[in-house]
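In: I would like to see how this sequence folds:
(2 chains)
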Amino acid sequence: MDWVNAVIQGVLVGGLYALFATGLSLIFGVMRLVNIAHGDLIVLSSFLCLAIVSGLGLHPLIVLAIVVPLMFALGYALQRGLLNFTLGPDILPPLLVTFGLSIVIQNALLEVFSADSQKLPAGELQTASLQIVEGLAVGVFPMIVFACAIAVIAGLQFLFYRTTLGSAFRATSDDADTARLMGIDNRHIFALAMAISLAVVALAGVFLGMRTSFDPSIGPGRLIYAFEAVIIGGLGSLWGTLAGGIILGVSQIVGGKLFPGADQLAGHVVFLILLVVRPRGLFPRAVD
Amino acid sequence: MSLLETRGLTAFYGDFQALFGIDVAIEAGETVAIIGSNGAGKSTFLRSLTGLLSNAPDAIHYKGEPIGDLPANRIVGLGIAMVPEGRKLFPSLTVEENLKIGAYSGRDGDWSVDRVLGLFPFMQERRQTPATALSGGQQQMVAIGRALMSNPELLLCDEISLGLAPTVIKDIYDALPAIQQTGTTVVVVEQDIQQAMAVSDRVYCFMEGRVTLEGPPDELSHDAIKEAYFGLKGAA
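Out: Predicted structure coming up:
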């Protein structure tokens, strides 16, 4: 039963990794931008939530209603005011600028919140669990996170493949100049993509802060998980990203059980093995 | 007042000048052909009209308004649609999605997916097919349909016969009268002089970024065209 338990925990934590990865995958898909600051933006959301929680005394899940729109707006402004100017035939400028942004965010957080470890108070949710069968209990909070991951991915899937805005996203991704001939303002579309990405990041950041402790330096580590989930799942596939997150989560928890202390290493090793066996990921969708 | 008028239009790619003061006037309802060899500046001219290349505001007037400096995504909403060279369908979108994205600018008018399907009936069964899985000629028809979905007053067609078999070219040009009947002004850019002369009311010939000849096709002599097209005087 211990092993079943480990796998279930792994699957559930995979939902969180999928949330880390979805925003990264989305903006890469729409504008071929690799956002090195993605992990730090996750941590920024955790701290934003912390500041509001300590200021207003509300539960973190309620504060989501503030943090998510805030990060959505920040994403739009960030893309419109900065990142749009870095896009072009050369892929290096956006990498450098987001790398710089990553350092700026880390240091700003350090300045404001210090290097102390923080945690979002989850209240009773912290320990609440459901008894599935004798000897197997599943935490309520991890299940909420997993359900949110599925809902977010299903929602984005709907947005991308069933709506006019989704067609505009895909058309701009295919060929921005021709999309402009259709009346699509590519700068606006890119900004919306970043806004949606950071809205998901906000969700991920709050869940992260409720699940474990965090400090300003952990962003790049979350970025690695996000990258690994995206690559395992296959570029451009949203459901693949969920699968990638789950594989990563299960590898870490099961690996940690086999070799105590080696949970992170186990995740990286499984990622590398999959990269060798399936270089394009499990469900590749991207054409190029 | 002309529907569209350019005054001393120039265009540059970096230091390279592609257009040297183009003066063109297009009247509402007519069909104009622009001919010229490779590199004459025909496509650059269309890219300028659609806003993909930016210009001085006064270089291009549409219905009397200066539009030279408007971005491409605004110009389509004014009623200028383009069928780009090489079709440029969106590979991630199905045939139907490609048509629908053509209506993104939200201009009012009579064109709808059903009407485009009426014009090109083969699309009916291929609606859900990825657009780039079609044959070249079929893709060209989707590209034309996509442009029509924006309900244009001025339709710019860049080399729509390029790389297609003669029978397919005929099928495509057979759709032209139905488009003209709706009052749409059409500009076709063609390397095929015969084709251009056959469909147009007036012809402009470009050479090396300048207009070298202009007039109704039946008033232009073979030799005059040859000279304007190739820059050869009196050559046989």
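In: Any figure for the gap between residue A:41 and residue A:96?
Out: Distance, residue A:41 to residue A:96, by C-beta to C-beta, to the nearest Å: 17 Å. Every C-beta, even on glycine, is put in place using the N, C-alpha and C of the backbone.
In: Have a look at those two and say which one is more surrounded.
Out: residue A:41 (28 against 11; other C-beta atoms under 10 Å in any protein chain shown).
In: Let me know the secondary structure of the residue in chain A that chain B sits nearest to.
Out: Residue nearest to chain B within chain A: residue A:183 (3.0 Å; C-beta to the nearest C-beta). What DSSP: H, G, I helix; E, B strand; the rest coil gives for residue A:183 is coil.
In: ok, now which ones touch residue A:12?
Out: Counting by C-beta atoms under 8 Å, 6 or more residues apart in numbering or on different chains, residue A:12 touches A:138-139, A:142-143, A:145-146, A:249.
In: In what element of secondary structure is it found?
Out: Per DSSP states H and E, residue A:12 falls inside helix A:2-31.
In: Now the element after that helix, going C-ward?
Out: helix A:38-56.
In: what's the closest non-adjacent residue to residue A:144?
Out: With sequence-adjacent residues excluded and distances taken as C-beta to C-beta, 6 or more residues apart in numbering or on different chains, residue A:144 is closest to residue A:125, at 7.8 Å.
In: any idea how far the helix or strand containing residue A:203 is from the chain center?
Out: Per DSSP H and E, residue A:203 falls inside helix A:186-211. Put simply, helix A:186-211 sits 8 Å off its chain's centre (C-alpha atoms, centre = their mean, to the nearest Å).
In: Could you identify the helix or strand that succeeds that helix?
Out: Counting by DSSP H and E, what follows helix A:186-211 is helix A:219-233.
In: Taking helix A:2-31 as reference, get the angle to the helix or strand following that following helix.
Out: Note on helix A:219-233: by DSSP H and E, the next helix or strand toward the C-terminus is helix A:238-258. Interaxial angle, helix A:238-258 versus helix A:2-31 (axes from the mean of the first three to the mean of the last three C-alpha atoms, to 10 degrees): 140 degrees.
In: tell me, how many neighbours does residue B:12 end up with?
Out: 12.
In: so what's it up against?
Out: residue B:18.
In: Please name the strands paired to the helix or strand harbouring it in the sheet, noting orientation.
Out: Residue B:12 is part of strand B:4-13, with elements assigned from DSSP H and E. Paired strands of strand B:4-13, with direction, are strand B:16-26 (antiparallel), strand B:60-62 (antiparallel) (DSSP bridges).
In: Quickly compare those strands and say which is most buried.
Out: Of all the strands paired with strand B:4-13, strand B:60-62 has the most neighbours on average by mean count of other C-beta atoms under 10 Å in any protein chain shown, namely a mean of 22.
In: So which helix or strand of the chain has the lowest pLDDT on average?
Out: No chain in the question, so chain A it is. The least trusted helix or strand in chain A, going by mean pLDDT, DSSP states H and E, turns out to be strand A:129-133, with a mean of 86.
In: That was the other one, I meant chain B.
Out: Result, chain B / mean pLDDT, DSSP H and E: helix B:222-230, a mean of 88.
In: hang on, the earlier thing: what helices or strands is the helix holding residue A:203 leaning on?
Out: Judged by 3 or more C-beta pairs under 8 Å, 6 or more residues apart in numbering or on different chains; DSSP states H and E, helix A:186-211 is in contact with helix A:2-31, helix A:38-56, helix A:60-81, helix A:140-162, helix A:164-174, helix A:176-181.
In: Residue A:225 is nearest to which of those?
Out: helix A:2-31 (5.1 Å; C-beta to C-beta).
In: got the angle between the closest one and strand A:129-133?
Out: Using the same axes, to 10 degrees: helix A:2-31 against strand A:129-133 is 120 degrees.
In: Buried by neighbour count: which residues of helix A:2-31 qualify?
Out: Within helix A:2-31, the residues scored as buried using 16 or more other C-beta atoms under 10 Å in any protein chain shown are A:5-31.
In: does residue B:204 count as helix, strand or coil?
Out: Of the three states, residue B:204 takes strand under three-state DSSP.
In: Does it touch residue B:34 like I think?
Out: Yes. When contacts are counted by C-beta atoms under 8 Å, residue B:204 is listed as touching residue B:34 (4.9 Å).
In: burial of residue 54, as a residue count?
Out: With no chain named, the answer covers chain A. 12.
In: wrong one, I was asking about chain B
Out: 14.
In: Excluding chain neighbours, what is closest to it?
Out: residue B:69 (5.9 Å).
In: how far away is that neighbour from chain A?
Out: 15 Å (C-beta to the nearest C-beta, to the nearest Å).
In: Tell me who's in contact with that residue.
Out: Contacts of residue B:69 by C-beta under 8 Å, 6+ apart are B:54-57.
In: quick one: pLDDT of the closest residue to residue A:43 other than its chain neighbours?
Out: Among residues not flanking residue A:43 along the chain, residue A:219 sits closest, at 4.5 Å (C-beta to C-beta, 6+ apart). pLDDT for residue A:219: 96.
In: Report the contact partners of residue A:219.
Out: Applying C-beta under 8 Å, 6+ apart, the residues near residue A:219 are A:37, A:39-44, A:102, A:105-106.
In: And the residues you listed, which is closest to residue B:166?
Out: Nearest to residue B:166 among the contacts of residue A:219, with distances taken as C-beta to C-beta, is residue A:37, at 55.3 Å.
In: contact partners of stretch A:163-180?
Out: A:29-31, A:158-160, A:182, A:184, A:186, A:189-190, A:192-193, B:51-52, B:71-73, B:84, B:88, B:90-93, B:97, B:100-101, B:104.
In: what about residue B:43, which helix or strand?
Out: Residue B:43 is part of helix B:42-50 when elements are defined by DSSP H and E.
In: Please give me every residue in contact with residue B:138.
Out: Counted by C-beta under 8 Å, 6+ apart, residue B:138 has contacts B:122-123, B:126.
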